[in-house]
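**Student:** Fold the following, please.
(2 chains)
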Amino acid sequence: MELAWYALLGLFFASYFVLGGLDYGVGLLLARGGTPAARRDALTALGPFFLGNEVWLVAAVGILFGAFPTLEGELLSGYYPAVVGALAGVILVTAGVQLRSRPATAGARAGWDRVVVVGSLLAALGWGALLGGLLQGLPLTADGHVTGVGHLFTPFVAAAGLAMAALVALHGATFLTLRLPPAAGAATARLARRLVPVALAAVGTATVVGLLSDRVRAAAQQPVAAVLLPSALVAALLVARAALARRRPGWAFAATCAALALPVLLVGAARWPYALVSGTDPAAGLTVADAAASTPTLRLLGWLVLPLVPALLGFQAMCWWVFRGRIDGRAPVYW
Amino acid sequence: MDTLLLARLQFATTTSIHFLFVVVTLGLVTLLVGLQTAWFLTGNPKWERLTRFWGQLYVINYVLGIASGIVMEFQFGLNWSGLSRYVGNVFGAPLAIETLVAFFLESTFLGMWIFGWHRLRRGVHLALLCGVALTAYASAFWIMVANAWLQHPVGYQVRDGIAHLTDFSALLTNPTLGMAFGHVVAASLLTGGMLMAAVSAGHLLRRTPDFLLFRTSLRIGLVVSALSISLVQGFGFAQFGPVGQVQPAKFGGGPERDAQIAEWTAQFGPGDYTPPTLASVGLGFMILIGFGLGCLWLLLPLLWRDLIIRWRFPLWLLLLALPLPFGTVILGWLAREVGRQPWVAYGLLPTERAVSAVPAGVMLASLIGFSLLLGALAVTNWVLLARAAARGAADPALGRPPAPEADDTPRQPVLA
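**Tutor:** Numbering: from 1, shown residues only, chains lettered A, B, ... in the order given. Got it, this is the predicted structure:
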């Protein structure tokens, strides 16, 4: 039963990185400047999906709290700076995107757009750093607590943060290629093609730094997964490049979606059976089974929540279906 | 400064900001369902314009509700890891249900509602708003289930120092839940109604063009807030009995309190088990303002022949009274939450055992950072709300028909 809940947790976090990654990717690309109309078009492309994308994070943390309470406490407090940075970024993006068009002056809107850019960068770096931090383990003491935050400041964590930022920028560009009117979409397709090598370099750097780090090597419980999944990530980026070159943005988008979901799978699989790996005392690590809530809680949540998961997915799918296709002059504009 | 105090301050700040926005969300969405249903049934464009105007204010207000809500959800793990460690098996369940069953759908529906004007069939569009409202109420319910459990832990058994769930139905029949949920919902309707009445009063005082529109919303707002204040009072006083029984130390002295404190001293060692006076002071002021707001009923007869508008001074009263419901919800919240100290889960987990082992410096930085961030966003949000309210119902951005031609017409005036 713990495995099923761990998989569901992974599904929600992976969906958050894929869908929230769109928000932060489009947000990062606002840094390119461009005309006010072009920036607004980018946000209109995101439009109806934005709130539904962000809410995956809330739901993922809800599952974390309900089904893995011990993990929730130690994970969030153990990686305090990364989580706080990501959280501040999420807040800035959430507020910035929704409020930027409420003032009518161009200056105020440009100011809010800068808030969105900073927020997107913080969110991408923070979540990347958290995933990197999970892969390198943390100094869990025998009583299961983490003291201090210094363990997070390593080259690998920095490289992981940057890799996530590069991935979401590419993801945002392929999404806009699909959603913007054809002329503007062609421009973002060119941008996406230029971003693929950047993302490849960032992911490659993080992988190499990780392989060179003793802590990361020691923390990997399943070496096969730890090698295969980064390779799959690189392969997804190569598929995205090939698809962009052949003007198949749909395939490129599918590939960047996979590229954002794979890090979650990597973090889950490479450390199995541990939910938190201790770098100081291997026996102090927190296994998934120990991190899970007790059986009555999981059973209750299973009866109440699992039947609703198809409905949740169905309503999200409905949103994507209703607002499918490229935006045009008829698209509702609000952000 | 120690980590515990800093963590408590941070939670108090975040929760207070969150509460100021969610009461408006819950109140306004209920009124919006009424407005949009009237539009759906009658087809009268007046109701569409009202829905768009109040919907715009609702959506602006919603932004900070989400932003502060996300910070709060994370704070449980960031600053209170002991809470999830010791009681997470029980306390986490209602929170998980809230995020998945309620809030997840609420946000998904709201995104479709905002962008669904002129694109979805009117019935579907209305159904989406009803979905937003229902899930908002479900959200409030499950949050209150979680909070009621902290006020009065039930349905659990402690094994190896950790609470395990034994009886979920006890969480739903918690004596600190039912009346409190009614109280919070009524307070939300009061706040939403008073906001509607005050904004309308402002427009009527300034004699802006849409007289008939704001006359309607003034009447709706006033009637709803008068009905709600009586509900607020009823649900409020109904709580004294059950809460006094399960939390003897909350409302001051008496033999029950002394017996309870003696029991805790025997069980947990000597300590200060009386809640800070702030709680009872807050309660006193809240009751005072609550009685004062009962005067809303006196304004109802003035709806006859629009006396309320022609005399003008009742409009000023409504406008100036707007801060009162916001003040009372904060005071009420303080009475409930501060009155529970020094426990995070009453009589089960002392607050000091729940705080994370985070260095005080990090906690201070997080407190200052998030307070400034949320504070600045809250003020900005209110300024934007006030401006959108003052701009009037001429052409709110929400529900604006799409531009007729995408490329030929100058875009800026259309979208501004």
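
**Student:** okay, now B:Leu315: neighbour count?
**Tutor:** If you count neighbours by other CB atoms under 10 Å in any protein chain shown, B:Leu315 ends up with 23. Bear in mind the C-beta positions are built from the backbone N, C-alpha and C, glycine included.

**Student:** can you give me the strands for the stretch 101-250 of chain B?
**Tutor:** Secondary structure of the stretch 101-250 of chain B by DSSP state E, counting those that start in this stretch: the strands cover B:156-159, B:162-165.

**Student:** and the first one, what does it pack onto?
**Tutor:** It refers to strand B:156-159. Under the contact criterion of 3 or more CB pairs under 8 Å, 6 or more residues apart in numbering or on different chains; DSSP states H and E, strand B:156-159 touches helix B:81-97, strand B:162-165.

**Student:** mind running it again at 6 Å?
**Tutor:** Other elements packing on strand B:156-159 under the criterion 3 or more CB pairs under 6 Å, 6 or more residues apart in numbering or on different chains; DSSP states H and E are absent; no helix or strand qualifies.

**Student:** Can you pull the residues of the stretch 251-400 of chain B lying near chain A?
**Tutor:** Within the stretch 251-400 of chain B, the residues that sit near chain A (CB under 6 Å from any CB of the partner chain) are B:356-358, B:362, B:366, B:377, B:384.

**Student:** got the phi/psi numbers for A:Tyr274?
**Tutor:** According to degrees, to the nearest 10, the main-chain angles of A:Tyr274 amount to phi -90, psi 140.

**Student:** Show the pLDDT at it.
**Tutor:** In the prediction, the pLDDT value recorded for A:Tyr274 is 90.

**Student:** Could you dump the strands of the stretch 101-250 of chain B into a markdown table and include mean pLDDT?
**Tutor:** Compiled in a markdown table, the strands of the stretch 101-250 of chain B are given as follows (pLDDT from 0 to 100):
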| stretch | mean pLDDT |
| --- | --- |
| strand B:156-159 | 92 |
| strand B:162-165 | 92 |
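
**Student:** how about these, which one is nearest B:Gly43?
**Tutor:** Nearest to B:Gly43 among the strands of the stretch 101-250 of chain B is strand B:162-165; the distance by CB to CB comes to 50.6 Å.

**Student:** Does the closest one reach chain A?
**Tutor:** Yes - Strand B:162-165 reaches chain A (CB under 6 Å from any CB) through B:164-165.

**Student:** Pull out the buried positions in the one helix or strand A:Leu211 maps to.
**Tutor:** Following DSSP states H and E, the helix or strand that holds A:Leu211 is helix A:182-212. Using 16 or more other CB atoms under 10 Å in any protein chain shown as the test for burial, helix A:182-212 gives A:184-185, A:187-189, A:191-193, A:195-196, A:199-200, A:202-207, A:209-210.

**Student:** Please apply the same query to stretch B:269-284.
**Tutor:** For stretch B:269-284, by 16+ other CB under 10 Å, it's B:273, B:275, B:279-280, B:282-283.

**Student:** for chain B, longest helix please?
**Tutor:** Ranked by residue count and defined by DSSP state H, the top helix of chain B is helix B:3-42.

**Student:** any idea how far the closest residue to A:Ala86 other than its chain neighbours lies from A:Ala219?
**Tutor:** Leaving out its chain neighbours, the residue that sits closest to A:Ala86 by CB to CB, 6 or more residues apart in numbering or on different chains is A:Gly126, at 2.7 Å. From A:Gly126 across to A:Ala219, the span is 20 Å (CB to CB, to the nearest Å).

**Student:** What is the nearest of the residues of the stretch 251-400 of chain B next to chain A to chain A?
**Tutor:** The closest of these to chain A turns out to be B:Ser356 (CB to the nearest CB; 3.9 Å).

**Student:** Is there a neighbour count for that closest one? I'd like the number.
**Tutor:** The burial count assigned to B:Ser356 is 28, neighbours taken as other CB under 10 Å.

**Student:** that older thread, among the strands of the stretch 101-250 of chain B, show me which one is buried the most.
**Tutor:** Mean neighbour counts were taken over the strands of the stretch 101-250 of chain B using mean count of other CB atoms under 10 Å in any protein chain shown, and the top value, a mean of 20, falls to strand B:162-165.

**Student:** No further questions, thank you.
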